[in-house]
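>>> when you get a sec, could you give me coordinates for this:
(chains A, B, C and D)
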There are 2 protein chains.
Amino acid sequence: MKRKITLKQIAKELDVSISTVSKALRNSVEISEDTKQKVQAFAKLYNYRPNNIALSLKNRKTNTIGIIIPEIVHHFFSKVIRGVELVANQRGYNVIVGLSNESFAKEVINMEMLANGSIDGFIISLSKETLRQQDYHHFNETINQGMPIVMFDRVVNEIQCDKVIVDDFEGAKNAVDKLVNNGCNNVALITTKDYVSVGRLRTQGYIESLKNHNLELKSELILKLDDNIDYEVNLDALEKEIQQLFKANKTIDGIFAVNELYALTAMRVASRLGFNVPNDIQVVGFTDGVLSKHSTPSLSTVSQHAQLMGEKAATLLIDRLENDDDYENYQTQIIASELIERESTK
Amino acid sequence: MKRKITLKQIAKELDVSISTVSKALRNSVEISEDTKQKVQAFAKLYNYRPNNIALSLKNRKTNTIGIIIPEIVHHFFSKVIRGVELVANQRGYNVIVGLSNESFAKEVINMEMLANGSIDGFIISLSKETLRQQDYHHFNETINQGMPIVMFDRVVNEIQCDKVIVDDFEGAKNAVDKLVNNGCNNVALITTKDYVSVGRLRTQGYIESLKNHNLELKSELILKLDDNIDYEVNLDALEKEIQQLFKANKTIDGIFAVNELYALTAMRVASRLGFNVPNDIQVVGFTDGVLSKHSTPSLSTVSQHAQLMGEKAATLLIDRLENDDDYENYQTQIIASELIERESTK
DNA sequence: AAGCATCACGAAAACGTTTTCGTGTTAAAA
DNA sequence: TTTTAACACGAAAACGTTTTCGTGATGCTT
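So this is what the prediction gives:
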């Protein structure tokens, strides 16, 4: 077990100075051809690679970006990571992952851990708890220390930084437009409480679409679920909520749900109550998940292009890292969503 | 925009030496109470945090572990990451993620990028291409340089290191046992080509179970799919293969599939051909995916406890990193799988 | 008053790089 | 022969820590 070889060791072996070795390896004109050859051959033989940590310290640049997400076991977020990783790698960066697990405290701790030199910048999607508490001091502190942040998906107006978001409003509007155009007159909405920005925007898109079609907005058709409850493990509770919605409103002929789980569960409950999807009730979800494609009937959905979001976020961040000149001209990129029609709509 | 404060700056401001500041902050007895208070107050005021990179360089230890996986948009792997991250964070480590994208070259490049000082050790699941080419030189080189590796799930006997695996053989055997005990006499197997170790082991479990029940092993009931094809995008191709299996073997009354997609597709094809699941045909998959739970009928499956695998792998790695003494007593931990019965079996 | 601990702190090395600047040697120019 | 320029290399600083060792000042013991 031989440790990794360093410049110092090469210098010693070849009886030259460390500077000479360093220059020889970087093909400096200061060094004679002879010496260069000798050093390079030796370095190759021993498979020399510069130590990243030493380089980071010297250059005050780690070539690493940190991504902090609320949850990794989630199709949307893992696709974002893939996008980030893709462009990061292309541009010579590594990606370090932190999970906030939807907790404010973990988000803060994670950021502090990474902000002390480990990374050059952050890509982040806020935890629900952070959104609820509206405590954003850690972002401002980070930015004030000269470390750029790019927020994606769950963003917040209070913080000045680059952002990448989905056109939640437009996406929702289009989805509901589709349902209405397909003949639905009583489109219900299954959404989250308003503090999650994306939930709020999608709700507004729903409302806008109804208005544009001169349809009455009936509050009893809007089911706002408390998404602190993990319905993935409490499926029964979710089913009950939705079943109640159907029972109380027999005329429902369309469902727009702000995520995949809600949409899918709605479909299942509808079937159980004897409705046919899409003939009696049409359903559209909002997501990038795998479930939609493989369910029966397969679910029409608003795709968010998660991987593209990741790519854009990484590009934004790295561009900023590599151009010190452009100063505080923060931009917000909006990724167009796309309605993917499957069997749950006509 | 104030840069992060350093020991040197504190020393300058307070007109003491760097050593004094460092010692004062670590509460050394060498320093007088007065000075300590002064320094600590100042440090707190300016929110001093030691620079991780400098520490890493000094200690020759990064407190970061690298995980290299073939694909992140995959329920199994993201759950493993969650497990790794969980114990890594608990023990003060960060996690850096590399994606091989099932490519040998990317696996090598990723490892080389990280092995040059960025991390203390690897957790890795081999890419399919690596398994096919059986070229493991990069692992040996890494280990020889004193950097420990823990392999999980897709492992390989040729490399001496810690490993965490699922009892693929037992898991498959139990699944097929279940089918046979439920009355299936013609259980088909949908699997991958043999070079993926987990596929091979699951196939052997299938064979063993049939043998134990004195059932004839019929090669026409074994469908070996080429998993270089991404059936997730080529669903049609997959359906055709499976449809052919059914058409050629009318007596099939049970299916064991080595992954979720195969199992789910088999269910769908079966329904389309007019079979009822589970009354005519029972199906069991092998996976930790989300699809199984939400499909109709929901899919019985062999769970691999992905998160637990991640936790074990991280524990194994960190234990080794922190105990230089226990030398090369590599262990292989086997995670028991669990048969989760849902609607696709009786 | 001389010797000796104890105290409180600073200098310097080390981790592994890169880079600036200085310097000794050789060859060309005056 | 002397001056100058080019060449080839080394010393040292810097990045931000921690830690070992040295040292001047003080107070105590004889």
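>>> for the residue of the stretch 101-250 of chain A found nearest DNA strand D, give me phi and psi.
Closest to DNA strand D within the stretch 101-250 of chain A is A:Gly117: 7.2 Å, counting by C-beta to the nearest atom of the strand. Placement of C-beta: from N, CA and C, glycine included. Per-residue torsions, A:Gly117: phi 100, psi -10 (degrees, to the nearest 10).
>>> and A:Pro148, by the same measure?
The phi/psi pair for A:Pro148 (degrees, to the nearest 10) is phi -70, psi 150.
>>> would you map the strands across chain A?
A:64-69, A:94-99, A:121-124, A:149-152, A:162-166, A:187-192, A:222-225, A:254-257, A:282-286, A:300-303, A:332-335, A:338-340 (DSSP state E).
>>> contacts only, for the closest residue to A:Ala188 other than its chain neighbours.
Closest residue to A:Ala188 apart from its sequence neighbours, by C-beta to C-beta, 6 or more residues apart in numbering or on different chains: A:Leu221 at 4.3 Å. By C-beta atoms under 8 Å, 6 or more residues apart in numbering or on different chains, the contact set of A:Leu221 is A:Asn186, A:Val187, A:Ala188, A:Leu189, A:Leu245, A:Asn249, A:Ile252.
>>> can I get these in CSV with distance to B:Leu14?
Below are the contacts of A:Leu221 laid out as CSV (distance: C-beta to C-beta, whole Å):
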residue, distance to B:Leu14
A:Asn186, 71
A:Val187, 67
A:Ala188, 65
A:Leu189, 60
A:Leu245, 65
A:Asn249, 70
A:Ile252, 70
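>>> DNA strand C: which of the residues you listed is nearest?
A:Leu189 (57.4 Å).
>>> which residues are in contact with the closest one?
A:Leu189 neighbours (C-beta under 8 Å, 6+ apart): A:Thr203, A:Tyr206, A:Leu221, A:Ile222, A:Leu223, A:Ile255, A:Phe256, A:Ala257, A:Val258.
>>> now swap in A:Asp135 and tell me
Taking C-beta under 8 Å, 6+ apart, one finds A:Phe104 in contact with A:Asp135.
>>> at 10 Å instead, please
A:Phe104, A:Glu107, A:Val108, A:Glu129 (C-beta atoms under 10 Å, 6 or more residues apart in numbering or on different chains).
>>> just those: which are in helices?
Among the contacts of A:Asp135, the members falling in helices (DSSP state H) are A:Phe104, A:Glu107, A:Val108, A:Glu129.
>>> the closest residue to DNA strand D within the stretch 51-200 of chain A and DNA strand C: what is the separation?
Residue nearest to DNA strand D within the stretch 51-200 of chain A: A:Lys58 (3.7 Å; C-beta to the nearest atom of the strand). Per C-beta to the nearest atom of the strand, to the nearest Å, A:Lys58 is found 4 Å from DNA strand C.
>>> one more: A:Ala43?
10 Å.
>>> tell me the residues of chain A that contact DNA strand C?
A:6-8, A:18-19, A:22-23, A:25-26, A:30, A:48-51, A:54-55, A:57-58 (C-beta under 7 Å from any atom of the strand).
>>> of those, select the buried ones using a PyMOL command.
Of the residues of chain A next to DNA strand C, the buried ones can be selected in PyMOL as follows, counting by 16 or more other C-beta atoms under 10 Å in any protein chain shown:
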select buried, chain A and resi 7+22+23+25+48+50+51+54+55+57
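>>> what sits closest to A:Phe122 if chain neighbours are left out?
Per C-beta to C-beta, 6+ apart, closest to A:Phe122 is A:Ile149, 4.5 Å.
>>> go ahead and confirm the one you found touches A:Ser125.
No. With contact defined as C-beta atoms under 10 Å, A:Ile149 does not reach A:Ser125; the gap is 11.2 Å.
>>> pull up the overlap in contacts between these two.
Shared contacts of A:Ile149 and A:Ser125, defined by C-beta under 10 Å, 6+ apart, are found at A:Ile68.
>>> circling back to that earlier point, any chance of the strands of chain A in CSV, plus mean pLDDT?
Shown next, in CSV, are the strands of chain A (pLDDT from 0 to 100):
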stretch, mean pLDDT
strand A:64-69, 98
strand A:94-99, 97
strand A:121-124, 98
strand A:149-152, 98
strand A:162-166, 97
strand A:187-192, 94
strand A:222-225, 93
strand A:254-257, 96
strand A:282-286, 96
strand A:300-303, 97
strand A:332-335, 97
strand A:338-340, 96
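>>> could you dump those strands to TSV with distance to A:His75?
Output for the strands of chain A, formatted as TSV (distance: least, C-beta to C-beta, whole Å):
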stretch	distance to A:His75
strand A:64-69	12
strand A:94-99	15
strand A:121-124	18
strand A:149-152	15
strand A:162-166	14
strand A:187-192	18
strand A:222-225	20
strand A:254-257	16
strand A:282-286	12
strand A:300-303	11
strand A:332-335	16
strand A:338-340	14
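>>> of these, which is nearest B:Phe139?
strand A:94-99 (19.5 Å; C-beta to C-beta).
>>> direction included, what does the closest one pair up with?
Neighbouring strands of strand A:94-99 in its sheet, by DSSP bridges, are strand A:64-69 (parallel), strand B:94-99 (antiparallel).
>>> any idea how far chain B is from the residue nearest to A:Leu179 when sequence neighbours are not counted?
Nearest residue to A:Leu179 in three dimensions, chain neighbours excluded: A:Gly254, at 4.0 Å (C-beta to C-beta, 6+ apart). With distances taken as C-beta to the nearest C-beta, to the nearest Å, A:Gly254 is found 21 Å from chain B.
>>> again with A:Ser56
5 Å.
>>> pull the contacting residues for that residue.
Contacts of A:Ser56 by C-beta under 10 Å, 6+ apart are A:62-64, A:117-120, B:51-54, B:56-57, B:117-118.
>>> next one: A:Lys38
A:Leu14, A:Val16, A:Val21, A:Ala24, A:Ile31, A:Ser32.
>>> go again with 7 Å.
A:Leu14 (C-beta atoms under 7 Å, 6 or more residues apart in numbering or on different chains).
>>> try A:Ile159
A:Tyr136, A:Phe139, A:Asn140, A:Met151.
>>> any figure for the gap between the residue nearest to the third one when sequence neighbours are not counted and A:Gln134?
Going back to what we said before, that points to A:Asn140. Nearest residue to A:Asn140, sequence neighbours excluded (C-beta to C-beta, 6+ apart): A:Ile159, at 6.9 Å. In this view, A:Ile159 and A:Gln134 are 11 Å apart by C-beta to C-beta, to the nearest Å.
>>> same question, A:Asn27
In terms of C-beta to C-beta, A:Asn27 sits 54 Å off from A:Gln134.
>>> one more: A:Val196?
In terms of C-beta to C-beta, A:Val196 sits 12 Å off from A:Gln134.
>>> who's more crowded, the two?
More crowded of A:Val196 and A:Gln134, by other C-beta atoms under 10 Å in any protein chain shown: A:Val196, with 18 against 9.
>>> that older thread, among the contacts of A:Asp135, which one sits closest to A:Leu217?
A:Glu129 (30.5 Å).
>>> no more questions from me, cheers.
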